[in-house]
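Colleague: model this:
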Amino acid sequence: MKKLLVTLGFTALAALAVSNANAQTNDQEKAAETTPATSREMAPDAKAYQEASRINDPNQKIEALEKFKKDFPNSASLTSADVNILSTLASRFPTQTSRIRTFAKTIVQGGKDKKEKGSLSGQVADTLLANDLLLKDAEKYARASLESLNQAEYVAEQKAQFAKRAANTSGRAGRGGRGNAQPPTDEALIKRFQDSRALRLASLGRIEFKLGKTADALKLLDEAYAVNSNQPAVAGTLGEIAAKHGDDAKALDYLLTARLTGKAPASANQALVAVYSKTHGDSAAGLEALLDAEYNKRFPNPVHVEAYRDTEKRSERLVLAEVFTGSGCPPCVGADLAFEAAMERYSRKDLAVVMYHEHVPQPDPMSNPDTQARSKYYKVTGVPTYTVDGETVKSSGGSRDGAKGIFDRIQTPIEKELDAPAEAKLTVNASAAGNSVKVAASVGDVKSDSKDLKVQILLLEKELRYSGENGIRFHPMVVRAMGGPDDDGFALTAGGAASFDQSWDLDKVSAGLKAHLDEYEATGHRGNAFKFSEKKDRIDRGNLAVVVIVQDAKTRHILQAAFVDLTLPAPQPPTSNSGNER
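Modeller: Got it, this is the predicted structure:
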């Protein structure tokens, strides 16, 4: 049995600005898109489209999207609606090939010119490829999409568009307009064209590979990868081709690259296991360790920090950061890395970070009903969203390069809270033995007269390994379950002392996680069929922690929190953040 006793104490915290910029919203259909979560009222057509897109039943979803098209014939989302319908047909009704062919043809014929028809052909080809369906048709559309591109026409069109914008803004230059903006160079425009063309080369190359035209596929994919190596599916397919040709070293390099992105096709991941096993005594043992090492070598955290030192004002408060994130959310990368850096700068006596994973914008195998309920409680409209002691920080997402800016933004509210006096006293005794985790929490000296106080008890895994679509491989402090009646915490009477007991059967927790993931997979993600590449339903008994929170449920203000590491070697002496014992 492993035990730890934590005693903490608490006061008022300063209000922080509430905003969510550059967040991945719950309503998005594509992982690469980012939309600010603002308080502005959504346009009627956008609202109707999003509501239709959320429908899980495929027939009802298609019906709603068709109604949207009739109700809003001039909406900018008409093309998206058509592709959404095609995707739903291909994923949920793959045997209805005649219907799918007819609808695909209708989409492309709707293009007003060669350029638009080429773009639509590419979207149709990608949809059929993603569903491994009607590949000969996909080949035709992909080829038409590629042939529609013309470098000279593209450069001329981009220059004309720039000149038009410049003319429109020149009249406003005196009022803050950008009348003197420099036009893009021919070299920059050609680079943009080549990047766009590389994506279409990649689609056609992958289709040719699936059709058994390996030589044609290799030529197309090599050209695409030379222009843009940030194409996981291309790297994966090139790895599969290299494996077929017996070039194990090249295959392993390509396949490792693809796997670490989290976006590799299933066939590429299978090829990786086969190639690794072939070169390691017919065993895949050690592959995950190799991936870990490669990830750490290729993707170190760009944020470098110094250890926090107590100030003269340092109180006994343990600051709590709650992060709403998703493994398939590209702009969550910067936020996740920023909070990892924060956990390096501050000890668990200073800062506790908890991560609530959401199915946004892609299915997340670390999400569960409790994390989703917490998201609704905070009225989260997009990920990443993060709070410090219950106050939403002006949150934004970003790439790895943006992690330092996010860290700088969260450091100020964290260190302000570290100096805020305590508002309650919290004592936690937690233990883990076998399949059981038991928590006893005592609360006293509450400096609040709120009638809406609650005690939340969270079970965490300190780290989960999963290569999601955003490329993050290691996920810290993942919330696996929440305690209390209906997993919604325990009511706390203002001004009074109280004790609360929570226990978890880890087998039951795992079974609940699996049931949720199985049901979500069976229902589909926003009406589209999918398969988790891996279901993270198993609980690592040697990797657990508990966080206890005292919170005003109405204002969301957190009076205090406690962190207990259940994996420290036993026995451990009591630790305290109270008074002179710090």
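Colleague: distance between stretch 498-517 and the chain's centre?
Modeller: Offset of stretch 498-517 from its chain centre (Cα atoms, centre = their mean, to the nearest Å): 24 Å.
Colleague: tally of neighbours for residue 197?
Modeller: For residue 197, the number of neighbouring residues by other Cβ atoms under 10 Å comes to 20. All C-beta atoms are positioned from the backbone trio N, CA, C, and that covers glycine.
Colleague: check the gap between it and residue 147 for me.
Modeller: Per Cβ to Cβ, to the nearest Å, residue 197 is found 11 Å from residue 147.
Colleague: do residue 517 as well
Modeller: 43 Å.
Colleague: between these two, which is the more surrounded one?
Modeller: Just comparing residue 517 and residue 147: by other Cβ under 10 Å the higher neighbour count belongs to residue 517, 21 against 13.
Colleague: and that one, what element?
Modeller: helix 506-523 (DSSP states H and E).
Colleague: buried ones in that helix?
Modeller: 506, 509, 510, 512, 513, 516, 517, 520, 521 (16 or more other Cβ atoms under 10 Å).
Colleague: redo those residues as TSV? Include pLDDT and distance to residue 246.
Modeller: Below are these laid out as TSV (pLDDT from 0 to 100; distance: Cβ to Cβ, whole Å):
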residue	pLDDT	distance to residue 246
506	98	45
509	98	46
510	98	41
512	98	46
513	98	41
516	98	43
517	98	38
520	96	40
521	95	36
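Colleague: closest to residue 283 among the residues you listed?
Modeller: Lowest distance from residue 283 to the buried residues of helix 506-523 (Cβ to Cβ) belongs to residue 510, with 26.9 Å.
Colleague: contacts only, for the closest one.
Modeller: 537, 538, 539 (Cβ atoms under 8 Å, 6 or more residues apart in numbering).
Colleague: if I look at the second one, how far off is residue 190?
Modeller: In this view, residue 538 and residue 190 are 50 Å apart by Cβ to Cβ.
Colleague: circling back to that earlier point, buried subset of the contacts of residue 510?
Modeller: For the contacts of residue 510, a burial check counting by 16+ other Cβ under 10 Å picks out 537, 539.
Colleague: tell me the pLDDT of residue 403.
Modeller: You'll see residue 403 listed with a pLDDT of 97.
Colleague: can you count the residues close to it?
Modeller: Other residues lying near residue 403 total 22 when counted by other Cβ under 10 Å.
Colleague: check which helix or strand covers it.
Modeller: Using DSSP H and E, residue 403 falls in helix 403-418.
Colleague: got the contact list for the nearest residue to residue 513 once chain neighbours are set aside?
Modeller: With sequence-adjacent residues excluded and distances taken as Cβ to Cβ, 6 or more residues apart in numbering, residue 513 is closest to residue 537, at 4.0 Å. Contacts for residue 537 (Cβ under 8 Å, 6+ apart) come out as 365, 510, 511, 513, 514, 517.
Colleague: residue 56 belongs to a strand, doesn't it?
Modeller: No: counting by DSSP: H, G, I helix; E, B strand; the rest coil, one finds residue 56 to be coil, located in no strand.
Colleague: tally of neighbours for residue 376?
Modeller: Neighbours of residue 376 under the rule other Cβ under 10 Å: 8.
Colleague: list the buried residues of whatever helix or strand it lives in.
Modeller: Following DSSP H and E, one finds residue 376 within helix 369-377. Neighbour counts using 16+ other Cβ under 10 Å place 369, 370, 371, 372, 374, 375 of helix 369-377 among the buried residues.
Colleague: for it, name the packing helices and strands.
Modeller: For helix 369-377, the contact count by 3 or more Cβ pairs under 8 Å, 6 or more residues apart in numbering; DSSP states H and E identifies strand 319-325, strand 351-357, strand 474-482 as packing neighbours.
Colleague: relative to residue 567, which of the ones you listed is closest?
Modeller: Residue 567 sits nearest to strand 474-482 of all those, at 12.7 Å, using Cβ to Cβ.
Colleague: figure out how far that closest one is from the centre of its chain.
Modeller: Averaged C-alpha coordinates place strand 474-482 at 14 Å from its chain's average position (Cα atoms, centre = their mean).
Colleague: specify the angle between it and helix 506-523 in degrees.
Modeller: 100 degrees (axes from the mean of the first three to the mean of the last three Cα atoms, to 10 degrees).
Colleague: using PDB, write out every CA atom in strand 474-482.
Modeller: What follows is strand 474-482, C-alpha atoms only, in PDB (Å, rounded to 0.1, in the frame of the first residue of the first chain):
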ATOM      1  CA  PHE A 474       3.100  12.300 -23.800                       C
ATOM      2  CA  HIS A 475       0.100  13.600 -21.900                       C
ATOM      3  CA  PRO A 476       0.500  14.500 -18.300                       C
ATOM      4  CA  MET A 477      -2.000  14.600 -15.400                       C
ATOM      5  CA  VAL A 478      -4.900  13.100 -17.400                       C
ATOM      6  CA  VAL A 479      -8.200  13.100 -15.400                       C
ATOM      7  CA  ARG A 480      -9.600   9.500 -15.400                       C
ATOM      8  CA  ALA A 481     -12.500   9.900 -13.000                       C
ATOM      9  CA  MET A 482     -14.200  12.300 -10.600                       C
END
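Colleague: ok, residues contacting the host helix or strand of residue 438?
Modeller: Following DSSP H and E, one finds residue 438 within strand 436-444. Residues from elsewhere that reach strand 436-444, judged by Cβ under 8 Å, 6+ apart: 424-432, 455, 457, 459, 483, 492, 497-506, 544, 546, 548, 550, 562, 564, 566.
Colleague: filter the residues you listed down to the buried ones.
Modeller: Using 16+ other Cβ under 10 Å as the burial test, the contacts of strand 436-444 include 424-432, 455, 457, 459, 483, 492, 500, 502, 504, 506, 544, 546, 548, 550, 562, 564, 566 as buried.
Colleague: returning to what we had before: just the ones of the contacts of strand 436-444 in strands?
Modeller: Mapping these onto strands (DSSP state E) picks out 425-432, 455, 457, 459, 492, 498-505, 544, 546, 548, 550, 562, 564.
Colleague: pretty sure residue 53 contacts residue 361?
Modeller: No: using Cβ atoms under 8 Å, residue 53 is not in contact with residue 361; the gap is 11.0 Å.
Colleague: higher neighbour count, those two?
Modeller: Using other Cβ under 10 Å, the more surrounded residue of residue 53 and residue 361 is residue 361, with 29 against 22.
Colleague: was I right about the more buried one contacting residue 329?
Modeller: Yes: under the criterion of Cβ under 8 Å, residue 361 makes contact with residue 329 at 6.2 Å.
Colleague: isn't residue 223 right up against residue 201?
Modeller: Yes: taking contacts as Cβ under 8 Å, residue 223 lies within contact range of residue 201: 5.6 Å.
Colleague: of these two, which one has the most company?
Modeller: residue 201 (26 against 15).
Colleague: name the helices or strands packed onto whatever helix or strand the more buried one lives in?
Modeller: Applying DSSP H and E as the criterion places residue 201 in helix 186-210. Under the contact criterion of 3+ Cβ pairs under 8 Å, 6+ apart, helix 186-210 touches helix 114-130, helix 135-147, helix 151-170, helix 214-227, helix 232-244.
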